[in-house]
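1. my questions are about this predicted structure, shown below with the sequence.
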Number of protein chains: 2
Amino acid sequence: MATIKDVAKQAGVAVSTASYALNGTKKMKQETKERVLQAARELQYQKNGVAMDLKKSKTKTIALILSDLTGPFYSELIRGVQEEVLEKKYDLLVCSSYGNESSTAAKFLREKRADGVILLAHNISDDFITESARTGFPIIVLDRVLPEKEALTSITVNNYKGGYEATRHLLEKGAVSAACIHGPINSSDSQERLSGYEQALQDSGLKKDSKWILNGSFTHEGGYQATKILIHQGDLPNAVFYANDEMAIGGLEALKESGLNVPEDIAIIGFDDIQLAPYLQPPLTTMRHPKYEMGKLASHVIFQVLEGQPVKSHYTLETEFINRESVSKQ
Amino acid sequence: MATIKDVAKQAGVAVSTASYALNGTKKMKQETKERVLQAARELQYQKNGVAMDLKKSKTKTIALILSDLTGPFYSELIRGVQEEVLEKKYDLLVCSSYGNESSTAAKFLREKRADGVILLAHNISDDFITESARTGFPIIVLDRVLPEKEALTSITVNNYKGGYEATRHLLEKGAVSAACIHGPINSSDSQERLSGYEQALQDSGLKKDSKWILNGSFTHEGGYQATKILIHQGDLPNAVFYANDEMAIGGLEALKESGLNVPEDIAIIGFDDIQLAPYLQPPLTTMRHPKYEMGKLASHVIFQVLEGQPVKSHYTLETEFINRESVSKQ
DNA sequence: CTGTTAGCGCTTTCAA
DNA sequence: TTGAAAGCGCTAACAG
């Protein structure tokens, strides 16, 4: 592998000259430049970016760490982040936190391989994150609120309110009983949505019934299974609030299999508004999670910090009610 | 930001000693080690991974470059790649080729920021890829066959055969006319699937009709629109072959909106077998693209090359027919 | 068991 | 306009 030194030698110039020629900075005799470029071509020279990053103490890279690289939810988030990052002429790297704190994620959090990190990974502990943030190395966390610390920013959505409003809508449209299929118990997103649901029930003078509160793990399959259980219990509620759309899709499936019509026999509402939601049969009424905006904001904030601008330590985004046909046909 | 030098000074030892202590390599007096670790803690020392990579001339990282970070198709591919990569104690980075040859992708292809690259990005040109591959820097291309070159490997699926079999199935189940909604014209995957379709038509003595060959851009929306056009043309075929499942989902939507029943009124078959396919109504019959296997193979091959083992320059994977209910109910 | 030292490949001041 | 040289932070001979 040819280095810049080889190129310089071949061209009969000093390394510094070669560097100038290769990077197009600085004015120089056209001929010298040509000679260097020619030498580089002959030697098939490729710059070593690692050496450059080290020298410059800057990587011009933002890392986005996700607990799961897949799933419909992340698409829009990534898009939001990517747009901002590219605009700033930075690069975006996505990596997984699979393997917890010995994962690739850790390398990026700890080893200065990126200039900043945006994190949506429930399997990385609060402490690990907090210890990684340091002056000049911003971390934006998207799924929890962390104690205030320099260079550490939280962005969350108002899940509680979203869950509350979703449930209220069910009740306002005539349901007198509503189940809730929630996500993993260690997910604060799910917990808050569930709290909103419970509060809405209470505010309507309904008491919660544990047989109607089931765990669907935030997955399609989980939603399907939980709904099956609901059905097999015999005593079906008028409506169900799925704490995310993926579970609602699974649930819809289960409902159809049992010959139940949505929304006539049972109303359902989801959460997130994933791309597929409008294409379901019936189109899914849901609380939209501002994924794209969250990505945009996260990258905006990260550059603010990088540029030394002051930022808040916690931002909250609101959900938006999306009315379609799974609760009631207009 | 504290460096290893600071740690050494604080602990009153040489940098090398600090390095040994920090990396746990080499046996050393427990007390010295403790002293170094303590100093590191006090100074909040974090190693600089970039410097380490430079020194070692190795990043222990594989980059996966995709033209689009999102979409259901990639999930399984990523999973396949990730499993192998992590098992080898390497890290996996995913980045987008958005912005073509000035993108993040280019940095990884050209600047030694990873030890190898797996590429599925139609917007990076053949030449650019070929010029990037070099001894000791393997590149695995997943969407085309490139001229033989050291360190350059192609893995493709037999799209032609897949398209052929999909169409044959339609015809065998009674269709006497079949449309094809294909993907982008610069996608060789799409082109080959289309060729397979045409050959199957011909082998059955049917002649192809350009009004039944439409571009759906491999997207949900594109499939929906193309199908609308098909319907509005008035003369509907008995069946349609969608060159990917996403378009089939859009198409199914359009068909339902027009009151057409699948498969009674019109049979449809997809390609890829994305996660959602079995959950559609009716469950989608499709040709399964071995995404997971492709990811597995790609990473297997990349490590073979890295370890100096010989590999073929081109691997082909076969598709698999998945019978569900969108062509005919059993 | 620990310290000294030579780079990894590059950018960038400073001097010529 | 070009060259010499320092040094980014780290690892790993090699010497002691």
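-> Structure received.
2. just the CA trace of stretch A:110-128, in CSV.
-> Written as CSV, here are the backbone C-alpha positions of stretch A:110-128 (Å, rounded to 0.1, in the frame of the first residue of the first chain):
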residue,chain,number,x,y,z
ARG,A,110,-15.5,5.5,24.3
GLU,A,111,-12.8,5.6,21.7
LYS,A,112,-13.1,8.9,19.9
ARG,A,113,-14.0,7.3,16.6
ALA,A,114,-16.7,9.8,16.0
ASP,A,115,-17.2,13.4,16.9
GLY,A,116,-20.6,12.8,18.5
VAL,A,117,-23.1,10.1,19.1
ILE,A,118,-26.9,9.8,18.8
LEU,A,119,-28.1,6.9,20.9
LEU,A,120,-31.3,4.9,20.9
ALA,A,121,-30.3,1.7,22.6
HIS,A,122,-32.1,0.6,25.7
ASN,A,123,-29.4,-2.0,26.4
ILE,A,124,-26.7,0.5,27.2
SER,A,125,-26.9,1.5,30.8
ASP,A,126,-27.4,5.1,32.1
ASP,A,127,-24.0,5.0,33.8
PHE,A,128,-22.1,3.9,30.7
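3. contacting residues for whichever residue of the stretch 101-250 of chain A sits closest to DNA strand D?
-> Of all residues in the stretch 101-250 of chain A, A:Lys112 sits closest to DNA strand D, at 7.9 Å by Cβ to the nearest atom of the strand. Every C-beta, even on glycine, is put in place using the N, C-alpha and C of the backbone. Counting by Cβ atoms under 8 Å, 6 or more residues apart in numbering or on different chains, A:Lys112 touches A:Thr59, A:Phe137, B:Met1, B:Gln46, B:Lys47, B:Asn48, B:Gly49, B:Val50.
4. neighbours of A:Arg304, how many?
-> Let me fix one detail, which is that residue A:304 is Gln and not Arg. Residues lying near A:Gln304 (other Cβ atoms under 10 Å in any protein chain shown) number 15.
5. just A:Gly308 next, same as before
-> Neighbour tally, A:Gly308, other Cβ under 10 Å: 7.
6. mind showing which ranges of the stretch 1-150 of chain A have poor pLDDT?
-> The stretch 1-150 of chain A contains residues with pLDDT under 70 at A:26, A:71-72.
7. which positions in it make contact with DNA strand C?
-> Residues of the stretch 1-150 of chain A lying close to DNA strand C by Cβ under 7 Å from any atom of the strand are A:1, A:3-5, A:15-16, A:19-20, A:22-23, A:25, A:45, A:47-48, A:51-52, A:54-56.
8. strands along chain A, start to end?
-> A:61-66, A:91-96, A:116-120, A:139-141, A:152-157, A:178-182, A:213-215, A:239-242, A:267-272, A:286-288, A:314-317, A:320-322 (DSSP state E).
9. buried residues of stretch A:75-83, list them for me.
-> A:Ser75, A:Glu76, A:Leu77, A:Ile78, A:Arg79, A:Gly80, A:Val81, A:Gln82 (16 or more other Cβ atoms under 10 Å in any protein chain shown).
10. ok, now stretch A:61-72?
-> Neighbour-count burial for stretch A:61-72 [16+ other Cβ under 10 Å]: A:Thr61, A:Ile62, A:Ala63, A:Leu64, A:Ile65, A:Leu66, A:Ser67, A:Asp68, A:Leu69, A:Thr70, A:Gly71, A:Pro72.
11. out of these, who's nearest chain B?
-> Minimum distance to chain B across those is 3.4 Å, recorded for A:Thr70 (Cβ to the nearest Cβ).
12. now do the contacts for the nearest residue to the closest one once chain neighbours are set aside.
-> Nearest residue to A:Thr70, sequence neighbours excluded (Cβ to Cβ, 6 or more residues apart in numbering or on different chains): B:Ser75, at 3.4 Å. By Cβ under 8 Å, 6+ apart, B:Ser75 lies in contact with A:Leu69, A:Thr70, A:Gly71, B:Gln275, B:Lys291.
13. now A:Gln199
-> A:Tyr160, A:Tyr164.
14. go on, A:Val311?
-> A:Thr153, A:Val301, A:Gln304, A:Val305 are the contacts of A:Val311 under Cβ under 8 Å, 6+ apart.
15. out of those, who has the most neighbours?
-> Neighbour-wise, these (other Cβ under 10 Å) top out at A:Thr153, 26 neighbours.
16. tell me how many other residues crowd the residue nearest to it when sequence neighbours are not counted.
-> Leaving out its chain neighbours, the residue that sits closest to A:Thr153 by Cβ to Cβ, 6+ apart is A:Ile140, at 4.9 Å. Residues near A:Ile140, counting by other Cβ under 10 Å, number 28.
17. residue numbers of the stretch 51-200 of chain A in contact with DNA strand D?
-> Taking Cβ under 7 Å from any atom of the strand as the contact definition, the stretch 51-200 of chain A meets DNA strand D at A:Ala51, A:Leu54, A:Lys55, A:Ser57.
18. pull out the buried members of the residues you listed.
-> A:Ala51, A:Leu54.
19. same list, the residues of the stretch 51-200 of chain A next to DNA strand D, but only the ones touching chain B.
-> Restricting these to those within reach of chain B (Cβ under 8 Å from any Cβ of the partner chain) leaves A:Ala51, A:Leu54.
20. among the residues of the stretch 51-200 of chain A next to DNA strand D, which are in helices?
-> Judged by DSSP state H, those include A:Ala51, A:Leu54, A:Lys55 as members of helices.
21. now do the same contact list for the residue of the stretch 201-330 of chain A found nearest DNA strand D.
-> Going by Cβ to the nearest atom of the strand, DNA strand D is nearest to A:Leu306 of the stretch 201-330 of chain A, at 17.1 Å. The contact partners of A:Leu306, taken as Cβ under 8 Å, 6+ apart, are A:Asp115, A:Gly116, A:Pro138.
22. may I ask which of these has the most neighbours?
-> A:Gly116 (26 neighbours).
23. quick check, that residue in contact with A:His300.
-> No - if you go by Cβ atoms under 8 Å, A:Gly116 and A:His300 don't touch, sitting 11.8 Å apart.
24. which residue is the nearest non-sequential neighbour of the residue of the stretch 51-200 of chain A found nearest DNA strand C?
-> DNA strand C sits closest to A:Ala51 of the stretch 51-200 of chain A, with a gap of 3.4 Å, by Cβ to the nearest atom of the strand. Nearest residue to A:Ala51 in three dimensions, chain neighbours excluded: B:Leu54, at 5.4 Å (Cβ to Cβ, 6+ apart).
25. isn't the one you found up against A:Val50?
-> Yes - judged on Cβ under 8 Å, B:Leu54 makes contact with A:Val50 at a distance of 4.9 Å.
26. distance of the closest residue in space to A:Glu246 that isn't next to it in sequence from B:Ala166?
-> Nearest non-adjacent residue to A:Glu246, counting by Cβ to Cβ, 6+ apart: A:His220, 4.9 Å away. Relative to B:Ala166, A:His220 is positioned 25 Å away (Cβ to Cβ, to the nearest Å).
27. more neighbours, the two?
-> More crowded of A:His220 and B:Ala166, by other Cβ under 10 Å: B:Ala166, with 29 against 23.
28. pretty sure that one sits against B:Leu194.
-> No - taking contacts as Cβ under 8 Å, B:Ala166 lies outside contact range of B:Leu194: 11.1 Å.
29. wait, what's in contact with A:Ala39?
-> Contacts of A:Ala39 (Cβ under 8 Å, 6+ apart): A:Val7, A:Ala8, A:Gln10, A:Ala11, A:Ala18, A:Tyr45.
30. list just the nearest of those residues to chain B.
-> The closest of these, once distances to chain B are taken by Cβ to the nearest Cβ, is A:Tyr45, at 10.3 Å.
31. I'd say that closest one and A:Asp6 touch.
-> Yes - using Cβ under 8 Å, A:Tyr45 is in contact with A:Asp6, at 7.2 Å.
32. and these two? Which one has more around it.
-> A:Tyr45 (20 against 17).
33. now for that one: which residues touch it?
-> With Cβ under 8 Å, 6+ apart, A:Tyr45 has these contacts: A:Ala2, A:Thr3, A:Ile4, A:Asp6, A:Val7, A:Leu22, A:Ala39.
34. which of those has the most neighbours?
-> Ranked by neighbour count (other Cβ under 10 Å), those have A:Val7 at the top, with 27 neighbours.
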